[in-house]
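Colleague: Just to be clear, the model below is a prediction. Sequence and coordinates:
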Amino acid sequence: MTRRRFLAAAAASVGLGSARAQEPFLARPVTLWLPWPAGGGTDLSMRVLAEAASHHLGTRVIVENRPGAGGTLAMPVLQQAAPDGHTIAQMPQTVFRAPHTQKLLWDPIRDTTPIIQLSGTTFGMVVATDSPWRSVEEVFAAVKARPGQVSIASNGVGTTPHVVLEELMLQRGLSYIHVPYKGAAEQALAVAAGQVMAAVGSTAFGPFVDNGKLRLLATFGEQRSRRWPQVPTLKELGYGIAASSPYGLAGPRGLSPQLVTTLHDGFRAAMLEPAFAAELARSDQELAYLGPADYAQACREAFAYEKRVVERLGLARQGG
């Protein structure tokens, strides 16, 4: 190779390397894993968010569903994914509880990089409209009168509504039949059809309440729901419990600060769009933003809090 050709080839190589260095890191679509069924309230709101984020990130955000196991099945995906910004997942409260109740190969603190907190889920207890029960106390009275015979559905073993129900039953020394489902839509249909007698879960079953197929007996938050201001909270009814389930997005362990910033900024802009807020409202949710550092701290606090809860309820796993 002549000196001139060598220099030309070297210059071309430098130019190619520079062009590659300037390429956006999100040259491929981003996959957002959801641990809930397609068509549910969280799925619908996350798809609206993903579409908006696609415009702000300059690449497509694809939603994939892995329902089951109380909302924890996206965690193994994060654990195995490369920290290149192309794989992220929703982090529900159950991922901070599950490691304390069963032996798992993943850890929600060790194996993730928190990106942004988005919102929080509102929970409640429902019965069919033709049910004779018109209050939470009447449900407990029926459980007391028929030990181990009253069936109550939840949105999964170890989910926040299930843990709340277990605590309420434990306080009263009551036994019931727990029927876990993968999502609120399945629960709502089961209660409305008489397959189960009551249900606790997210108020994504709101349309069934609004169309008169289900009766909402109580919500689990600190304050009454804006959507159903006439419905009392468990706390004001004297049960001493208020529960919500904040959630956000996280990437794999080792995600660089630059990638975190890019993803955070894209989803932060998306969550502020009116379409996302409107979709959240349909599921009785509100924005609950936290940035990467604050969200990481909230995750650590949630992990410690859930450990105390499962130990108090006697749900902690045994052994190492």
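Modeller: Now that the structure is in, tell me what you want to look at.

Colleague: Would you mind giving the domain segments of this structure?
Modeller: If you go by automatic domain parsing, the domain ranges for the chain are 29-120+245-312, 123-239.

Colleague: Make CSV out of those and add mean neighbour count and mean pLDDT.
Modeller: Backbone N, C-alpha and C define where each C-beta goes, glycine included. CSV is the format used below for the domains of the chain (neighbours: other C-beta atoms under 10 Å; pLDDT from 0 to 100):
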stretch, mean neighbour count, mean pLDDT
domain 29-120+245-312, 19, 94
domain 123-239, 19, 93
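
Colleague: mind listing the strands in the stretch 151-300 of the chain by residue range?
Modeller: Taking DSSP state E, counting those that start in this stretch to define them, one finds strands in the stretch 151-300 of the chain at 151-154, 177-180, 198-202, 214-219, 245-252, 287-290.

Colleague: I'd like those strands as TSV, with distance to W36 appended.
Modeller: Shown next, in TSV, are the strands of the stretch 151-300 of the chain (distance: least, C-beta to C-beta, whole Å):
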stretch	distance to W36
strand 151-154	14
strand 177-180	13
strand 198-202	9
strand 214-219	19
strand 245-252	10
strand 287-290	18
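
Colleague: Out of those, the one nearest E137 is which?
Modeller: strand 214-219 (9.1 Å; C-beta to C-beta).

Colleague: other SSEs contacting the closest one?
Modeller: strand 123-128, helix 136-145, helix 184-192, helix 206-210 (3 or more C-beta pairs under 8 Å, 6 or more residues apart in numbering; DSSP states H and E).

Colleague: do that again at 7 Å, thanks
Modeller: strand 123-128, helix 136-145, helix 184-192 (3 or more C-beta pairs under 7 Å, 6 or more residues apart in numbering; DSSP states H and E).

Colleague: what's the angle between that strand and helix 184-192?
Modeller: 110 degrees (axes from the mean of the first three to the mean of the last three C-alpha atoms, to 10 degrees).

Colleague: Contacts for strand 214-219, please.
Modeller: Contact with strand 214-219 is made by 122-129, 131, 135-136, 139, 188, 191-192, 203, 205, 208-209, 225, 228, 231-234, 237, as judged by C-beta atoms under 7 Å, 6 or more residues apart in numbering.

Colleague: The longest strand along the chain packs against which elements?
Modeller: As assigned by DSSP state E, the longest strand anywhere in the chain is strand 112-121. Counting contacts by 3+ C-beta pairs under 7 Å, 6+ apart, strand 112-121 is packed against strand 245-252, helix 257-271, strand 287-290, helix 292-312.

Colleague: Of all the strands of the stretch 151-300 of the chain, which one is nearest K103?
Modeller: Nearest of the strands of the stretch 151-300 of the chain (C-beta to C-beta): strand 177-180, 19.5 Å.

Colleague: May I have that closest one exported as PDB, CA atoms only?
Modeller: What follows is strand 177-180, C-alpha atoms only, in PDB (Å, rounded to 0.1, in the frame of the first residue of the first chain):
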ATOM      1  CA  ILE A 177     -60.400 -19.200  50.400                       C
ATOM      2  CA  HIS A 178     -57.800 -17.200  48.500                       C
ATOM      3  CA  VAL A 179     -58.200 -17.200  44.700                       C
ATOM      4  CA  PRO A 180     -55.300 -15.500  42.900                       C
END
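
Colleague: So in that sheet, which strands flank that strand, and in what orientation?
Modeller: Partner strands and pairing direction for strand 177-180 (DSSP bridges) are strand 151-154 (parallel).

Colleague: on that earlier part again, which stretch among the helices and strands packed on strand 112-121 comes nearest K103?
Modeller: helix 292-312 (13.4 Å).
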